[in-house]
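Peer 1: got a structure for you, letters missing:
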């Protein structure tokens, strides 16, 4: 069910200005010298569990079967919160039990979840402030080199794991009302409205998107509008996105996370 | 002519705050689990094709023969613009046909160029906004694992590829007039004047550099001036650079990209 | 005494917005195609030798025996300053002789130090501004692939290497007076007071920390205080740290590097 590809992904809110990510990698290679370590991202907003959950959910399917994912956004580090290891679609996911894995659990992608308790997987001496380095990285290294998933610790029921309240759009027969979830490096605004939500309403060509008083049809590419023009399109994760061709929607629209986005059929 | 070293370099304008680079790497490892993936840089200014072309041109020669380079600055993503694969000095270069490869083509480093058309190289399902992940990364993974270059698609003539208008210095018998192209992390100002341009004018010791009303001789190292002093020297890519010893030229000089830099023989 | 694990760590002040780090990696792979290259950090403040020394000292022990570390903070690049290779606890450390290795030397972790002089280890053509790429990276690649440490150049006595004046706390019978050394991505303030210093004074539960007029006991985890509350705790490197649970101490306290931190026994 899990056959390691010796690939380990790291997703954290650590940033890159300190040695934290480098120390995690050092710990991994000390236990598993041939691991392929992939940085998924280290720029999650500090302590933002929802951002971690959404990025992991949008990205895991691109990884090889047999990948071990380590996701560390961990405001409860050192307390009695559990660390989970979830088997999901032939990949393993290690994360604190704080909601990070909830989207995978909710969609039943995670088929078995265990609590990481086996101390032979931990560093000999563990700090109480950096379990990413002292517990999750060594466990990932060992699991990626063949340590059996069944031995990480006791099974926990999905319903017993911490849930996350994810903002979801309101969908009625004629209208979807969602919101801006986040922005990216290009100044694109990501919404919580999925392609499947739109298709239930009407074919994309028959939809109009409203944001900040602007009405937009749904484009296929950035370049099909004029440079500097606002547009709506489906992003590479399958969500409705508001963008500007060769510009930044975050600058053109004075709108922030939480702003309402509506879609109607015409 | 191309013998893969299974090394793949990535150069993009994606930044590191999103999952875009991580997803490209996941796609590569899914198809080529032992690839060595090197981040050349992901901080190119958004949509800045010239910056991509110059950085690639300054860096490719340090890579092993058999490297596959993927460069993604792609404002035309999803439109009918082509994606090119160029064989150049025993390395392969994958990039949109928007000028990124022009310096390699102009200097005849690229000896054969093909259009990436073979759909067996693409992801099964491709977005129209992220060809770096869905087309270029999978093609790089396959080429690095031995897929024949001859089968990526039809040959295209160099002259048919998109040209880039690169700013070049004006060179007369007694004087070179160039400009500031960019600045780096250390606040050093890079010009478009090359070492070979200078050597045609006079030996370096007989040259004087003018910028913002300052006259500078050409130093060999940062440390041969006083800390805080402005200096000119040749940077590690062979271009004339304006710098401050243990300081930032971008701060000391109130000058910006495009500022004139003149060199005269004394 | 040194048996290579073919793992190379990089620690620099180069940032990630230029091609400098990518070019170093390209040079390494050109000479050693199977090296595992780990980014320890590239965000050291420019020319900050003390920051490099402290980060290397806090991190080296997590790496596998047989690692080669390359640390480049090098304001004297191109001058007659030496480049050192130090054998320390079965790892090799390459750095300019400017104090970076001083903490390892002072604690006698480095048992043999040589001057990097053997030109067969350098790039064929070396710039005078980028010895990280042209001298240290190729030497690391070769050492990691088995080139004998004994042949890098002549032995130098530890006492002959450049010393670093490290700020250390004043310790008296009843009181430790230290200072803020730096802050991290989470806005945590790191002091120069070590766990061992505290334990000499009294058990942790009997200590009080003073900073900017606030009195703090020493917590074990961030989460044992209220969100937004200031706390003191031991960081993952074993230093006393001032932090805010789910917030930033750098914002809550208007204090900067150098600020006094006192610890008394109650």
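Peer 2: Right, received. Where do you want to start? Source: prediction; values computed, not measured.
Peer 1: The stretch 51-200 of chain A: helices as residue ranges?
Peer 2: Using DSSP state H, counting those that start in this stretch, the helices assigned to the stretch 51-200 of chain A run over residues A:102-106, A:131, A:137-144, A:195-201.
Peer 1: Whether the last one contacts chain B - can you check?
Peer 2: No: for a cut-off given as CB under 8 Å from any CB of the partner chain, helix A:195-201 has no contacts with chain B; the smallest distance is 10.4 Å. Bear in mind the C-beta positions are built from the backbone N, C-alpha and C, glycine included.
Peer 1: Show me what that helix packs onto, helices and strands only.
Peer 2: Judged by 3 or more CB pairs under 8 Å, 6 or more residues apart in numbering or on different chains; DSSP states H and E, the packing partners of helix A:195-201 are strand A:170-171, strand A:175-183, strand A:239-244, strand A:260-265.
Peer 1: Any part of the helix or strand following the third one near chain B?
Peer 2: Once the chain leaves strand A:239-244, the next helix or strand it forms, by DSSP states H and E, is helix A:249-252. No: looking at helix A:249-252 against chain B by CB under 8 Å from any CB, there are no contacts, and the closest approach is 11.6 Å.
Peer 1: pLDDT at residue A:179, what is it?
Peer 2: On the pLDDT scale, residue A:179 is placed at 97.
Peer 1: I meant to write residue A:166 there.
Peer 2: According to the model, residue A:166 scores 90 on pLDDT.
Peer 1: Any idea how many residues pack against it?
Peer 2: Per other CB atoms under 10 Å in any protein chain shown, the neighbour tally for residue A:166 reads 15.
Peer 1: What distance do you get for it to residue A:106?
Peer 2: Between residue A:166 and residue A:106 the computed distance is 8 Å (CB to CB, to the nearest Å).
Peer 1: Return the residues of the stretch 51-200 of chain A in contact with chain C.
Peer 2: Taking CB under 8 Å from any CB as the criterion, the neighbours of chain C within the stretch 51-200 of chain A are A:75, A:76, A:77, A:78, A:79, A:127, A:128, A:129, A:130, A:133, A:134.
Peer 1: Can you tell me which of those residues has the most neighbours?
Peer 2: If you rank these by neighbour count (other CB under 10 Å), residue A:133 sits at the top with 26 neighbours.
Peer 1: Now do the same contact list for that one.
Peer 2: Applying CB atoms under 8 Å, 6 or more residues apart in numbering or on different chains, one finds that residue A:133 lies in contact with A:20, A:23, A:24, A:27, A:123, A:127, C:62, C:236.
Peer 1: surely the first one meets residue A:132?
Peer 2: Translated: residue A:20. Yes: using CB atoms under 8 Å, residue A:20 and residue A:132 qualify as a contacting pair, with a distance of 7.2 Å.
Peer 1: Need the residues touching each of these two.
Peer 2: Shared between the contact lists of residue A:20 and residue A:132 (criterion: CB under 8 Å, 6+ apart) are residues A:12, A:14.
Peer 1: More neighbours: the two, which one.
Peer 2: Ranked by neighbour count (other CB under 10 Å), residue A:20 and residue A:132 place residue A:132 first, with 28 against 23.
Peer 1: can I assume that one is in contact with residue A:12?
Peer 2: Yes: using CB under 8 Å, residue A:132 makes contact with residue A:12 at a distance of 6.5 Å.
Peer 1: which neighbours do the two share?
Peer 2: Taking CB under 8 Å, 6+ apart as the contact rule, the neighbours common to residue A:132 and residue A:12 are A:20, A:24, A:72.
Peer 1: Okay, and the beta partners of the last one?
Peer 2: I take that to be residue A:72. residue A:12 (DSSP bridges).
Peer 1: Tell me the pLDDT of it.
Peer 2: On the pLDDT scale, residue A:72 is placed at 98.
Peer 1: Could you report the distance from it to chain C?
Peer 2: Residue A:72 sits at a distance of 12 Å from chain C (criterion: CB to the nearest CB, to the nearest Å).
Peer 1: same thing with residue A:10?
Peer 2: With the distance defined as CB to the nearest CB, residue A:10 ends up 12 Å from chain C.
Peer 1: next helix or strand past the host helix or strand of that residue?
Peer 2: Assigned by DSSP H and E, residue A:10 belongs to strand A:7-12. Counting by DSSP H and E, the element after strand A:7-12 in chain order, helix or strand, is helix A:20-31.
Peer 1: what about that next one and chain C, any contact?
Peer 2: Yes: under the criterion of CB under 8 Å from any CB, helix A:20-31 makes contact with chain C via A:20, A:21, A:22, A:23, A:25, A:26, A:27, A:29, A:30.
Peer 1: Could you tell me the average pLDDT over that helix, please?
Peer 2: 98.
Peer 1: Mind giving me the packing neighbours of the following helix or strand past that helix?
Peer 2: Sequence-wise, the next helix or strand downstream of helix A:20-31 (DSSP H and E) is strand A:36-41. Packing contacts for strand A:36-41, counted by 3+ CB pairs under 8 Å, 6+ apart, involve strand A:7-12, helix A:20-31, helix A:49-59, helix B:20-31.
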